[in-house]
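Trainee: need a structure here:
(chains A, B and C)
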Amino acid sequence: MSNSFLEIIDLTKRFGDILALDRVNLKIEKSEIFSLLGSSGCGKSTLLRIIAGFEKPDQGKILLEGNDITNLPPYIRPLNIMFQNYALFPHLNVTNNIKFGLKEESFSKQEINNRVNEILNLLELNGLEERKVNEISGGQQQRVALARCLVKKPKLLLLDEPLAALDKQLRIQTQFELINLQNKLGITFIIVTHDQEEAISLSDRMAIMQNGEILQVGNPVEIYEKPKNTYIANFIGTANIFHILNKDNQIIIEELNYEIKNINNNKNFNKCLIRPEKINIKKIENQSDNSNVGIVKEVAYLGSYTKYLIEVNGIQFYSFMQNSLVSDNLQIKWDDKVEFKFNDSSIFWFND
Amino acid sequence: MIHQYFGLMIRYLKKQNFWFVFTPYFWLILFFFIPLALIFKISISVSEWGMPPYRDLFSLSEEGFKIDSTLSNYLFIFSDPFYIRSYLNSLSLAFTSTILCLVIGYPIAFYVAKSQANIRIILLVLLIIPFWTSFLLRVYAWKVLLQGSGIINSILIHLGFITEPISMLHNHYAVILGVVYTYLPFMILPLYGYLVKFDLNLIDAANDLGAKPVNTFLKVILPLSLPGIIAGSMLVFIPVVGEFVIPEMLGGSDKLYFGKIIWDEFFVNRDWPVASALAMSGIVILIFPIVIFQLMYAKYNFKNE
Amino acid sequence: MQNTILRMNKLFFKIFTLIIGFSFLYFPILTLIAYSFNDNKRVMVWKGFSFRWYKELFQNEQILEAFYTSVKIASLSATFATIMGVMIGFSLTRISKIPARPFFIFLSSSPLVMPEIILGLSLLLFFISSNHIIGFPSSKGQLTVLISHITFSVAFVAVIIQSRLSSYDKNIEEAAQDLGTIPNMIFWKITAPVILPSIISGWLLAFTLSLDDLVVASFTTGPGANTLPIVVFSKVRLGLSPEVNALSAIIMLIVVLAAISVYFINRSHIKK
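Mentor: Prediction:
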């Protein structure tokens, strides 16, 4: 018997010649927020639709609390989905949209009203009960869509790009609301998103998908700091990736001609990642004997930090510097000569 | 108030290209509304032998200005069960055939709209072809089919259901069949228009919230296709009330219809005032269903999205 | 497994419905076409295959002349109705401050719900009266039929143009101005090409409406203006006519060819 809440085993799905999912295996624990992250066409939405029951997999199984739900039609599965465009019923008002799913089960009128009132309070939708769903704002529509699912007290809630239709301000606020809501209710969330920042800030754990395969599963910190390969490193945040040379007990970052000391590369990794915020730069006036010198090729001031593109030996990499001082002008400008520095322990090794 | 309105109107006319905006409306007033006013006028005029076969409504003679109007044409129509029955026959024909068109047309429209895109376009073209084919010829086709020596009788005899050809033409069932057949595309096309732009996520959402397919249909698909149902019903119901050709070609003497009565009253009896009164009553009778259709349409026409 | 059976059932029901539905639509027309090749004066008794009725059809002066009259009236009517329909479509959707807009909507859409028998009667009485009063039209004929057909077609074209214009993104006109198109040319360079498909379908609908009309034409026609439906109706009102079978087949062929070309035009349009 498996112990996981939701277990996806060897799931495969083809649409004609296209392999949408390729033997996907995944375990999701109870009460976690789990994100499926990937660019469009990676198979994440197909996976979600199969979990919801709208598509049948060609192979594989889905177990929910140990029960095989692979062949259950969507209207029997004890889980709900919130659609990207919300899919609110335009012919029903807010209350009747929320009641829709309850009426399909044999609840008493009393029970239905209690539950609806409870959810209206929880999501602060009071006062909108009689409104038509196309007369309320996007943020309100999103909460109605959420309420319509949550009122059914599902074991699992699937969210398809839950924040994509909201504007940026609202998106950040809603992110926190979603996390709070999930903490309060303890329902497992599976979120599909293409937005890496959203995935990092929302999830307990996440899976990166590409071409119908899961590349890596882990918590956001693991994925950011220790990506399995170049694709993931580049997909999440900005990445400086260099090659490693191992010769005569020396470990050298090839592009920078930089020797790493005090650390053993006993696994013979061939690549390394240094995130831009881990590289510090300092302006130098005249030629120094230090070899770690580069030229600033681009500067982008972003408020809380500044992005610099540094060129060394024809190779370019990024450095992000906190803007910790109040000043009218940046200290480092285009074509300045800079010395760069990083801690050897901020290097992550991998094979690719 | 009126003064202000005229001021607004005049300023508006100066600004816009007057003839561009108003030519079509002048045309419609001249050739649609004035003729309607004219038949109203004739309908309250007194019949007379001669040409035109009615007395002028207004006359200016030595005795002074005189209005010579009468309601007798209307009283005549509504005191004669013959006319009332023809109205009722037409309304019941329109009602029955609208329901039949809906029952037959809905599944077709539904499945065409839900087909794969490349098949759907072919099916749509197949739906439009009969719509474009001459109306008269499609009615005539049924006249051919339903003949005593026609193909349907031959098939039935061949299969042994009947031994003698039965008379299928010249009764009101043949009229209903002809009406349903010729007006079916008018029902299917608006229905298709609504069903094809239906957001499929709504069906998934209903399923996900626990609605079985039957309930999904009754609670989501059907209510959301109501505007299409109403539009289609209106396109069938209204013209069928005044239908002349189909009863004339396929019908018999068992039931007379409103369109045929007007035709005969005008061309056979040459009684213009009564024909006009019949037409005016027809308009009045049609106003109710039109208003009901309009109100229902306004009520159920949700903006999808 | 159960699901598969359920889905098979659904598929079967779908195909069954579509086959029954389309057979109902096509069976009568196809039978008519089949019998147009019957070498027998009695329409429904099969004697042998022949083109006899097609030959007779093409020698029938009355039908040929009526066909010519109908096509002439229909193309003129469709052209005028389309021009006015476009004007109505524009005035109702583009001029936001048109005073008393509901009144104009009422004016333009009323003909849609008027039974043709009442329309025909009222137009005939109008033409007689106006001939009485101002001497125009001097007699009933092609002109009166044309005016009548324009009158009921305008509303249908206006509906088509209106629905296209209301979903039309006005930004593209502003974009054109921004890119240097002078205001007077915007209609011809931007608006007209964009709504052209609707204009074409409006014209085709008006053409079909006119070509198909029997009742209004019967009221408003006069000497020398027998349209095709009037002639056909007089032939089949009381009996059957093998020549009309042949005519049906030809009309069917024209419609199918038109439908196929529209299908291909649409397809290339979609691809674009």
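
Trainee: rest of the way, CA atoms for contacts and neighbours
Mentor: Will do.

Trainee: Need the contact partners of stretch B:192-199.
Mentor: A:87, B:109, B:110, B:112, B:113, B:114, B:225, B:227, B:228, B:304 (CA atoms under 8 Å, 6 or more residues apart in numbering or on different chains).

Trainee: Give me the subset of these that also touch chain C.
Mentor: With the criterion set as CA under 8 Å from any CA of the partner chain, the members of these near chain C are residue B:112.

Trainee: Can you say which of the contacts of stretch B:192-199 are buried?
Mentor: For the contacts of stretch B:192-199, a burial check counting by 16 or more other CA atoms under 10 Å in any protein chain shown picks out A:87, B:109, B:110, B:112, B:113, B:114, B:225, B:227, B:228.

Trainee: In TSV: those, plus pLDDT.
Mentor: Below are these laid out as TSV (pLDDT from 0 to 100):
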residue	pLDDT
A:87	91
B:109	94
B:110	92
B:112	92
B:113	91
B:114	87
B:225	90
B:227	89
B:228	91
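
Trainee: Which ones among the residues you listed map onto strands?
Mentor: In strands, judged by DSSP state E, none of the buried ones among the contacts of stretch B:192-199 are found.

Trainee: Return the subset of these lying in helices.
Mentor: Among the buried ones among the contacts of stretch B:192-199, the members found in helices (DSSP state H) are B:109, B:110, B:112, B:113, B:225, B:227, B:228.

Trainee: residues near the closest residue to the fourth one other than its chain neighbours, how many?
Mentor: Closest residue in space to residue B:113, ignoring its immediate chain neighbours: residue B:196 at 4.7 Å, by CA to CA, 6 or more residues apart in numbering or on different chains. Using other CA atoms under 10 Å in any protein chain shown, residue B:196 has 18 neighbouring residues.

Trainee: if we can go back for a sec, dump the ones in helices among the buried ones among the contacts of stretch B:192-199 to JSON lines, plus distance to residue B:281.
Mentor: Formatted as JSON lines, those follow (distance: CA to CA, whole Å):
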{"residue": "B:109", "distance to residue B:281": "35"}
{"residue": "B:110", "distance to residue B:281": "37"}
{"residue": "B:112", "distance to residue B:281": "40"}
{"residue": "B:113", "distance to residue B:281": "40"}
{"residue": "B:225", "distance to residue B:281": "33"}
{"residue": "B:227", "distance to residue B:281": "28"}
{"residue": "B:228", "distance to residue B:281": "29"}
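
Trainee: quick check, nearest of these to chain A?
Mentor: Of all those, residue B:225 has the smallest distance to chain A: 10.2 Å, by CA to the nearest CA.

Trainee: thought that closest one was touching residue B:188?
Mentor: No - with contacts counted by CA atoms under 8 Å, residue B:225 stays clear of residue B:188, the gap being 11.9 Å.

Trainee: residue nearest the centroid of chain B?
Mentor: For chain B, the residue nearest the mean C-alpha position is residue B:239 (1.8 Å; CA atoms, centre = their mean).

Trainee: pLDDT score for the spatially closest residue to that one that is not a sequence neighbour?
Mentor: Nearest residue to residue B:239, sequence neighbours excluded (CA to CA, 6+ apart): residue C:115, at 5.2 Å. Looking at residue C:115, its pLDDT stands at 91.
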